[in-house]
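Engineer: Kindly return the folded structure for what I paste below:
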Amino acid sequence: MQIIGLTGGIGSGKTAVSNFFSDLGIDIIDTDIISRELITNDKSILDRVVDTFGNNILNSDNAIDRKKLANIVFTDKKKKQSLEKILHPSIRNEVNNQIHQLNRLTPSPAYIIVVIPLLVETGFYNIIDQILVVMADEECRIERVRQRDDRNLDEIRSIISHQASDKKRKDIADDIIENDSNFKDLQKQVLKLDQKYRQSQD
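Structural biologist: Residues are numbered from 1 along each chain as shown. As a prediction, the model looks like this:
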């Protein structure tokens, strides 16, 4: 079973790409979803995050406001590292558990997708075999995030500046998907890679 690490900057279209792979019957492990579930369901992690960042990151329901937390960690490198120390060991354990479960299936999948938005920054390289990077023009990414997250331009540019550069992503990529066009073109690229990944296991 081949493990494909899917990554890309904010607004590049990672979710659209992973959804297309999912539509093809490919199993998806998404570290963003794992992170959200840990913060929501694991009280020990929730308590550590609140102790580190303060009660002001909580909303009226005493749940963590992810937008407030993101605004903090993407403008303060030390805070970002503090959050990573809390979350990443548990995220890595859960990813490994899910990979192990999928690998035990009979027959095991030809390949799976692990979505790791901050792959370059966090170094999850040892759990994946191939790296697939989703690329998109920065202005296109900004507009997507503005529509999706209701963030202002300064917030979005700050997040982009604190993520790895496109060059760094290209340097580690085994495959690249360009997402500057439309869903039909995106789907064609996914179908082509699906064939490639399946054939590599034949």
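Engineer: just to confirm, which helix or strand has V50 in it?
Structural biologist: Under the criterion of DSSP states H and E, V50 resides in helix 43-53.
Engineer: On the three-state scheme, the residue nearest to N56 when sequence neighbours are not counted is what?
Structural biologist: Setting aside the residues directly before and after it, N56 is nearest to K68 in space (C-beta to C-beta, 6 or more residues apart in numbering), at 7.1 Å. Yep, even glycine has a C-beta here, placed from its N, CA and C like the rest. Classification of K68 using DSSP: H, G, I helix; E, B strand; the rest coil returns helix.
Engineer: Tell me if I'm right that K68 and I57 touch.
Structural biologist: Yes. Distance between K68 and I57: 4.9 Å, which falls inside the contact criterion (C-beta atoms under 8 Å).
Engineer: Contacts only, for the most centrally placed residue in the chain.
Structural biologist: Note on the chain: the residue nearest the mean C-alpha position is P117, at 2.8 Å, using C-alpha atoms, centre = their mean. For P117, the set of contacting residues under the criterion of C-beta atoms under 8 Å, 6 or more residues apart in numbering consists of T7, G8, I10, K14, T31, D32.
Engineer: separation between I34 and V114?
Structural biologist: Between I34 and V114 the distance, using C-beta to C-beta, to the nearest Å, works out to 10 Å.
Engineer: What mean pLDDT does stretch 28-39 get?
Structural biologist: When pLDDT is averaged along stretch 28-39, the result is 94.
Engineer: rewinding a little: and I34 and V114? Which one has more around it.
Structural biologist: V114 (24 against 19; other C-beta atoms under 10 Å).
Engineer: quick check, L132 in a helix?
Structural biologist: No. The secondary structure assignment for L132 gives strand rather than a helix, going by three-state DSSP.
Engineer: Any figure for the gap between it and N55?
Structural biologist: Following C-beta to C-beta, the distance that separates L132 from N55 is 39 Å.
Engineer: Which of the two has more residues huddled nearby?
Structural biologist: Neighbours per residue (other C-beta under 10 Å) separate L132 from N55, with L132 holding more: 26 against 8.
Engineer: residues contacting that one?
Structural biologist: I4, G5, L6, T7, V17, I113, A173, D174, D175, I176, I177, L193 are the contacts of L132 under C-beta under 8 Å, 6+ apart.
Engineer: Of the residues you listed, which belong to strands?
Structural biologist: Counting by DSSP state E, the members of the contacts of L132 that fall within strands are I4, G5, L6, T7, I113, D175, I176, I177.
Engineer: Emit the ChimeraX select command for whichever of those are buried.
Structural biologist: To isolate the buried members of the ones in strands among the contacts of L132 in ChimeraX, using 16 or more other C-beta atoms under 10 Å:
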select :4,5,6,7,113,175,176,177
